[in-house]
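Q: Quick one, what's the 3D model for this:
(4 chains, ligands or ions: 4)
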Amino acid sequence: MEDFALILSTTLMYSTPLIFAALGGVFSENSGIINIGIEGMMTIGAFAGAAAGVIIGNPWIAFMIGGIAGGIFALIHGIATISFNADHTISGVAINLLAPGVALFASKIMFDGATMTPTIPMENKIPRPLNGLFPSGSVLDIIFNSYATVFLAFILVVVVWYVLYKTRFGLRVRAVGEHPGSADTLGINVALTRYSAVIISGVLAGLGGASMSLAVVSSFRPTLISGQGYIAIAAVIFGKWRPQWAMAACLLFGFSTALSVYFGNPELPFSINENLLSMIPYIVTLIVLVIFVKSSKAPAALGSSYKKGER
Amino acid sequence: SPKSGSEKDKKAEGEKVFKIGMVTDTGGVNDESFNQSAWAGLEKLQKEYGKEKVQVKYLESKQDADYVPNVETLVDEDTDLIIGVGFKLADAIEEAAKSYSDKQFALIDAAYEKQPENVTSLLFEDNVSAYLTGLIAGRMTETKKVGFIGGISGEVIDRFDYGFRAGVEAANPNAEVTVQYANSFTDAALGKSIANQMHKNGNDIIFSAAGAVGIGAIEAAKENNKKAIGVDQDQNKLAPDNVITSAMKNIDVAVLNLGKSIIDGTYKGGQLIVNTLDMDGVGIAPTSKKNVAPDVLEYVKGEAEKIKSGDIKVPQNEKEYKELKK
Amino acid sequence: MNNSNIDYSQKVVEMKKITKMFGNFVANDNIDLTVHKGEVHALLGENGAGKSTLMNILYGLYHQTSGEIHINGNLVNMDNPNVAISNGIGMVHQHFMLVQPFTVAQNIILGTEPIKGMGAIDIKKAVKDVEALSQKYGLYVDPNKKIEDITVGMQQRVEILKALYRGAEILILDEPTAVLTPQEIQELMQIIRNLTREGKSVIIITHKLKEIKASADYCTIIRRGKYIDTVKVSESSEDDLAAKMVGREVNFKVDKIEAKPQEVVLQIKDLTVKDNRKISVVDELSLEVKAGEILGVAGIDGNGQSELVEALTGLRKSESGSIKINGQEVFNKKPKEMFTSGIKNIPEDRHKRGLILDFSVAENMVLQNYKDHRFSKNGILNKDAIDKYAEAIVERFDVRPTDHTTKARSLSGGNQQKVIIGREVDNIEISRAATQKAQLLIATQPTRGLDVGAIEFVHKSLVKQRDEGNAVLLVSLELDEVMNVSDRIAVIYEGKIVGIMDAKDADENTLGLMMAGGEEHE
Amino acid sequence: MSSNTKKKKMSLADNAVLFSLISIILGLIVGAIALLLAGEDPIVAYSAMLEGVFGKPKFIAWTIIRSTPLILTGLSIAFAFKTGLFNIGAEGQFIIGALVATIVGAGVQLPAIIHIPFTLLVAGFAGGLWGGFAGWLKSKFGINEVIATIMLNWIAFYLSNFMIKSTWLARPNSEASVSIHDSASIGIDWLTGLVGPATKVNWGIIISIILVLIIAFILFKTTLGFELRGVGYNKFGAEYGGINVSSSILKSMAIAGLLAGIAGAIQVMGVSGNVTILAAQEGYGFDGIAVALIANSNPIGVIFSGLLFGAFKYGGTKMQAVGAPSEVINIVIGSIVYFIALSSVLRMMYVKFRDKKNKGGNV
Ligand SMILES: Nc1ncnc2c1ncn2[C@@H]1O[C@H](COP(=O)(O)OP(=O)(O)OP(=O)(O)O)[C@@H](O)[C@H]1O
Ligand SMILES: Nc1ncnc2c1ncn2[C@@H]1O[C@H](COP(=O)(O)OP(=O)(O)OP(=O)(O)O)[C@@H](O)[C@H]1O
Ligand SMILES: [Mg+2]
Ligand SMILES: [Mg+2]
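A: Ligands and ions are numbered 1, 2, ... in the order given. Next up is the predicted model:
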């Protein structure tokens, strides 16, 4: 039972940054803009969050700054893809090169040549809202004594779902992702809607990065974000561009990582080669894809640019 | 940061200006670990002798493929001593030593089966520092269970692993050591997960020798109110209440000494310098007294003397460890 | 049509001296257009004449280079569709502007969504509004169905409802009948009447003169961007209109001699084909096509035509039955084998199937033949041979521009169709010469979206193949086309051939009834 | 007429290059601004980089050595792009190629004349299998190649580490595997003597250029290329033309994998001589994406963008010598790619504009 609780809590820890980022991907891609720059936006978010945490102290302000930093790079992505009709992939790759470059560069300038930030003291990390509510070490404690970001991630899944499928803005976002021409003829500002979606996407990715540097650990390091952005993109596709399924994909990934941690426990009666263990999440993902995912449909206008009056 | 010797010609008449350079591994110079420590040693050297006497510099490597060209760059700049920081540079240094037999090289943390004549290897008795922290852990554990988290297993991490195990057992035969490898030096979240699992399974002190993975483990200690042991540098500042001690690897001291020997003319190439406890090459963190009871520290001090005198032999790997247990 | 609803005292739309340049190209040159309240005004012109452009200007999608637009007497600067919408203009575009995975109601409210608390869309109210509106104008739709699940005809009703929902008083319909069945066209005409009765004005773009005659009060004709004339429809004949449109006399009837059917080329027996949803949309269908005849398949969209053709061309696996070409069984063979055994195809969707738009014209010309020894040896393409071949076809079929190195994408629709027809005709000739056997040419919707001149060309090409002793299977949703071009007509309904008759004996009413599943004749 | 079209193509190509050059200059300007913000003198820093790339024959040699794998991973990705696929998996295919080259290079004894091509072939084949597997998943199960290759990258990563550590490839007390035999090495010894003893001059660049030419040839001059491009542009149209779409996807991914695999093999056979336990993805595949994009997925262009990228990577480290943070290089490269993204649009607009003008003029 406790083992299971632990696996669950590890799952949550691993999934949280992925969920933030995947929600970002869902937002952007539903508006028709491919966002492969998620990785870079997470990195800059992780850095900006940690740096702000060190300098300002208040974790929530720092967290927001992480989001804003992601949003700024999303804006750069938006300018290229929305206003200049640039290829989404090229621009996204550019962001993935630029953002980590800027993060490390800024770190060196701000922190005396170090590519990592100082450590943020425990009290300046994101709080754990249920800390102390359950007896320490109990199953409930193991599962629920998590950082606020974990809860926030799940709340955001609901919020994003609600916004996308129940609100005017969401309907418009999906409309410009499916058929921008249609939206345009109905007087919807396609560019503005896409900009909003892409910036929201960057903010979410930035928050995902900041949740790494302000909750999972308490500093930024160059390798802190190494591939999570790509996994999040995979989760978006895996999740058929829907927030709830993208979340499920992130959880699956987090869960299989947690399993690999669990099976690495030397107290178990058997032992598995550590490299084979490390492969588990990736193999599980592939297998699940093969079994469950029949080809899924992307938003119809995904990756295409829309220019008024062009055919 | 340092300027390389374009002023060489101007100084032609004066005394020789020594140039010492180091190439980091992919961790970069500010890794809060051995790269940073090595650089600190060089900076100290320059401070001691002045810029007129010695010029130091570093080149950071961004990926493994940078090692060879970075070493080459320093060779090109007529550097008198080129230090490769970390076992990952072993091949690059060996290669360069072969190609430039008139140049001197040093390598940290690794030696060769056949030591080239112009390479000095600086080795550290990490097993001994790990042993000492093991003693502390053995004495301080309340649950009689302590953990060790390794990065990617290999010769260097093995020394920490088995040294620590031996230390724990020596101090507390009833205590148990749980060992888990993260198979990563970078995934802090993984370190945290493993540490959480260890904490849940009753380990109250965890020693990690695993780069950024260890940062995650220390994070877990902070959160779960458990104790952690740092590595390479004094990592107490990462969690002042939780990091009770660190297995210190005084690369700065070793590098400083090596630099001095070059300048003083006592340097001899092709050596294998094992930085021992005796030489202050390894040890426990000075901040240990904050969190470790004086009597335990006293005990550790006593055991350290025995190591220095050779009464205790600390195992470096599984084989020696098993022999010891027999 | 005699429309008593026109209120000549109210000019709802006045477009004055509208000129629109795309770069140096003049798409609209000094065009005037006046529409009164309650009037149905047709806009007639060949492909590329500038009709859509003019209407896009009226709807605020483009901005005119010069000229003025007055709505209800007021000068309006039509900057964007919002201005048009607020001036009571609605437009149904040539290519539907519908969001496929959205429901009917969502599509209709998009942009003017009713809101309840927390920024949520009041979808219940939307559905109710849509239902009320659809009742009022007799535009039946199911508000909760997704667009991708409804017929094209219903999609068009959604488009009209979209405009009406925004309070449109002036409705622009850009080629609304191109994709409709005869029944649906009838319904549309009724809808238009309902609208004018409510005092709304309609501008309708179409190439089909009969429809203009049937629905419009006035007709403005544009040729190559220039204003030609505005006529009262009741006072002009179809021939007059056509002559004005193309600038010369046109002949509608397809000139052809009596067919001389010979041996059976295509023999289909009890063929069953399932669609993507695994429903048998071709259901034990049997059909024969002989050499020297054109067999037209008439039917309402979605009765299995596409799947039948896909099965015949190897693009879809069939469930059971038999397909024989010149006596040879080809059931479930691959596209390539179907091709070599004698089936040549002018596909329904030239952008999806017929062409690779980013390939050059020359590359498209050898799409099925690139492995031929003529065009490649040992896997290496013979570029010179391909170029020469493409050049010859381009010249023979008058493809413009004549540069075969340009991408197919940059050709107009008519010229794209010429590339395909040229390719397939040549394929037939080559195969015929090699095998000495009659070939089957399948043409699905071969004239969709083409102008009169291009249609003439396509039809002539089909007849020519027939006359040369090949078999032609024409599948079209346009009854006129089927009736004019075919020698025999088969009616397909729910995956079965429900009747076959000589074209001479066919009349629109009988066919229409059979297509709609009415009693079988004969 | 034909001379006319030729002329048009010439000036178009010139424009592509021109716009790329403009992007590079703009990227350098952004980098310069960053350097100024950091209080460094951009001229000094850039001179150090230039000097570091062109200052000595040896430097040029190193630049080429660093560029070689990037040219090939770039080629792999450009090729996949041309056939409508996004090969994010060059990273993993590279790892597999390097691993297998080590296995074959160290595991068998053959005369060099056989050993070298054999090693290249087997490693390329292994990379091809790795890429082809993603292609198979796509054609058989409809699994997006982006997800599949991201997963396969990590599986390759751990598989390589596993092999280096837990099989005969392991070298005692070392992070590195056993080394390949000299007979599998593609180093150019006489040239090494000329440029400097430790410089890993090797035949890799020649092999890469040959592969570029072969790929360009396949893409544009063969029926295979016709099929693959056809499927890339419009798989429905290709299917109509009788092309087997599934097998084309598989072939494309396999060829892309093969190229990246050979990149890995060349790195082992020409530079490192072995593979080491990796702590993080090395980025050859990810950099290859940028290389392919800068080249606009043109196989020939990949040579130049690969060299440019290699020059930045190699020369960038030299900026440290004057105290400039070498991270600025990533900013420069990122900006260049960003401006490339913008410029291809500007270029298209320019071409359209000019064509229209020409058209109008002819009428
Ligand atoms: N956005 C545009 N840019 C450049 N040229 C355009 C654009 N839109 C239309 N054109 C050109 O203007 C001319 C008129 O086009 P338009 O679409 O108005 O024709 P149309 O009369 O509606 O033809 P169809 O019957 O085929 O719908 C065509 O030659 C077309 O190529
Ligand atoms: N947006 C545009 N920009 C530039 N040229 C265009 C544009 N749209 C159309 N054209 C060109 O104008 C010409 C006519 O195009 P148009 O689409 O009106 O032809 P069409 O015969 O009506 O074709 P379709 O049947 O596909 O509607 C073509 O040569 C086309 O390439
Ligand atoms: Mg048109
Ligand atoms: Mg039109």
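Q: give the contact list for the residue nearest the centre of chain B.
A: The residue lying closest to the centre of chain B (C-alpha atoms, centre = their mean) is residue B:249, at 4.0 Å. For residue B:249, the contacting residues are B:34, B:37, B:124, B:126, B:129, B:231, B:232, B:233, B:281, B:282, by C-beta atoms under 8 Å, 6 or more residues apart in numbering or on different chains. Glycine gets a C-beta too; all of them are placed from N, C-alpha and C.
Q: Kindly list the main-chain dihedrals of it?
A: phi -120, psi 110 (degrees, to the nearest 10).
Q: what does the stretch 1-150 of chain A put close to chain D?
A: A:76, A:80, A:84-87, A:89-91, A:93-102, A:104-105, A:108-109, A:113, A:115 (C-beta under 8 Å from any C-beta of the partner chain).
Q: Of the contacts of residue B:249, which is the most crowded?
A: residue B:129 (31 neighbours; other C-beta atoms under 10 Å in any protein chain shown).
Q: Quick check: which element contains that residue?
A: Under the criterion of DSSP states H and E, residue B:129 resides in helix B:126-140.
Q: Do that helix and chain D come into contact?
A: No: under the criterion of C-beta under 8 Å from any C-beta, chain D is not reached by helix B:126-140; the shortest gap measures 13.9 Å.
Q: how far does that helix sit from the chain's center?
A: Helix B:126-140 sits 15 Å away from the centroid of its parent chain (C-alpha atoms, centre = their mean, to the nearest Å).
Q: got the CA coordinates for the helix or strand following that helix in PDB?
A: Downstream of helix B:126-140, the next assigned helix or strand under DSSP H and E is strand B:145-150. C-alpha atoms of strand B:145-150 as PDB (Å, rounded to 0.1, in the frame of the first residue of the first chain):
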ATOM      1  CA  LYS B 145      19.200   2.200   7.900                       C
ATOM      2  CA  VAL B 146      21.200   4.500   5.700                       C
ATOM      3  CA  GLY B 147      21.100   4.900   2.000                       C
ATOM      4  CA  PHE B 148      23.600   5.400  -0.800                       C
ATOM      5  CA  ILE B 149      22.600   6.800  -4.200                       C
ATOM      6  CA  GLY B 150      25.100   6.500  -7.000                       C
END
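Q: returning to that earlier point: distance of the residue nearest to the centre of chain B from chain C?
A: To chain C, residue B:249 is 58 Å away according to C-beta to the nearest C-beta, to the nearest Å.
Q: Show me what that residue bridges to in the sheet.
A: Beta-bridge partners for residue B:249, by DSSP bridges, are residue B:282.
Q: Look up how far ligand 4 lies from it.
A: 77 Å (C-beta to the ion, to the nearest Å).
Q: separation between that residue and residue C:445?
A: Noted for residue B:249: a distance of 78 Å to residue C:445, by C-beta to C-beta, to the nearest Å.
Q: Which of the contacts of residue B:249 sits closest to ligand 2?
A: residue B:34 (61.5 Å; C-beta to the nearest ligand atom).
Q: which residues touch that closest one?
A: B:27, B:85, B:86, B:108, B:109, B:232, B:249, B:251.
Q: Residue C:59 against residue C:81, yeah?
A: Yes: here residue C:59 reaches residue C:81: they are 5.9 Å apart, a contact under C-beta atoms under 8 Å.
Q: related to what we said a few turns ago, would CSV of the contacts of residue B:34 with secondary structure, pLDDT and distance to ligand 2 be doable?
A: Converted to CSV, these look like this (DSSP: H, G, I helix; E, B strand; the rest coil; pLDDT from 0 to 100; distance: C-beta to the nearest ligand atom, whole Å):
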residue, secondary structure, pLDDT, distance to ligand 2
B:27, coil, 80, 54
B:85, coil, 94, 60
B:86, coil, 89, 59
B:108, strand, 93, 64
B:109, coil, 89, 64
B:232, strand, 89, 63
B:249, strand, 91, 67
B:251, helix, 93, 66
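Q: which pair in the residues you listed spans the largest distance?
A: B:27 and B:249 (13.8 Å; C-beta to C-beta).
Q: Give me the below-cutoff pLDDT ranges for the chain.
A: Defaulting to chain A. A:293-296, A:308-311 (pLDDT under 70).
Q: Chain C is the one I meant
A: For chain C (pLDDT under 70), the answer is C:1-4, C:47, C:178-179, C:181, C:248-253, C:277, C:449, C:516-522.
Q: from the contacts of residue B:249, which single one is nearest ligand 4?
A: Nearest to ligand 4 among these, counting by C-beta to the ion, is residue B:34 at 71.4 Å.
Q: Let's test this: what are the backbone torsions at the closest residue to ligand 1 within the stretch 151-300 of chain A?
A: Nearest residue of the stretch 151-300 of chain A to ligand 1: residue A:181, at 12.2 Å (C-beta to the nearest ligand atom). With angles defined as degrees, to the nearest 10, residue A:181 sits at phi -60, psi -40.
Q: what does the stretch 51-200 of chain A have sitting close to ligand 2?
A: Counting by C-beta under 6 Å from any ligand atom, no position of the stretch 51-200 of chain A is adjacent to ligand 2.
Q: any idea which element the residue in the stretch 151-300 of chain B positioned nearest to ligand 4 lies in?
A: Residue nearest to ligand 4 within the stretch 151-300 of chain B (C-beta to the ion): residue B:189, separated by 57.0 Å. Element membership for residue B:189 (DSSP H and E) is helix B:188-200.
Q: and that helix, what does it pack onto?
A: Here helix B:188-200 touches helix A:2-30, helix A:243-263, strand B:145-150, strand B:176-181, strand B:205-209, helix B:212-224, going by 3 or more C-beta pairs under 8 Å, 6 or more residues apart in numbering or on different chains; DSSP states H and E.
Q: Ligand 1: which of the ones you listed is closest?
A: Closest to ligand 1 of the helices and strands packed on helix B:188-200 is helix A:2-30 (C-beta to the nearest ligand atom; 27.2 Å).
Q: between the closest one and helix B:212-224, how many degrees?
A: Going by axes from the mean of the first three to the mean of the last three C-alpha atoms, to 10 degrees, helix A:2-30 is angled at 110 degrees with respect to helix B:212-224.
Q: in the helix or strand following helix A:2-30, what counts as buried?
A: Proceeding N to C from helix A:2-30, the next assigned helix or strand is helix A:38-55, under DSSP H and E. By 16 or more other C-beta atoms under 10 Å in any protein chain shown, the buried positions in helix A:38-55 come out as A:38-54.
Q: One more: stretch C:117-125?
A: Neighbour-count burial for stretch C:117-125 [16+ other C-beta under 10 Å]: C:120, C:121, C:122, C:123.
Q: Equivalent analysis for stretch D:26-33, please.
A: D:26, D:27, D:28, D:30, D:31, D:32.
Q: What average pLDDT does stretch D:31-40 get?
A: Across stretch D:31-40, the average pLDDT comes to 91.
Q: still on that earlier bit, okay, and which of the residues of the stretch 1-150 of chain A next to chain D map to helices?
A: Among those, the members falling in helices (DSSP state H) are A:76, A:89-91, A:93-102, A:104-105, A:108-109.
Q: Without its sequence neighbours, what residue ends up closest to whichever residue of the stretch 51-200 of chain D sits closest to chain C?
A: Nearest to chain C in the stretch 51-200 of chain D, going by C-beta to the nearest C-beta, is residue D:84, at a distance of 10.1 Å. Leaving aside its chain neighbours, residue D:84 sits nearest to residue D:232 (3.1 Å; criterion: C-beta to C-beta, 6 or more residues apart in numbering or on different chains).
Q: Please apply the same query to residue D:254.
A: Per C-beta to C-beta, 6+ apart, closest to residue D:254 is residue D:132, 3.4 Å.
Q: Many thanks, I have nothing further to ask.
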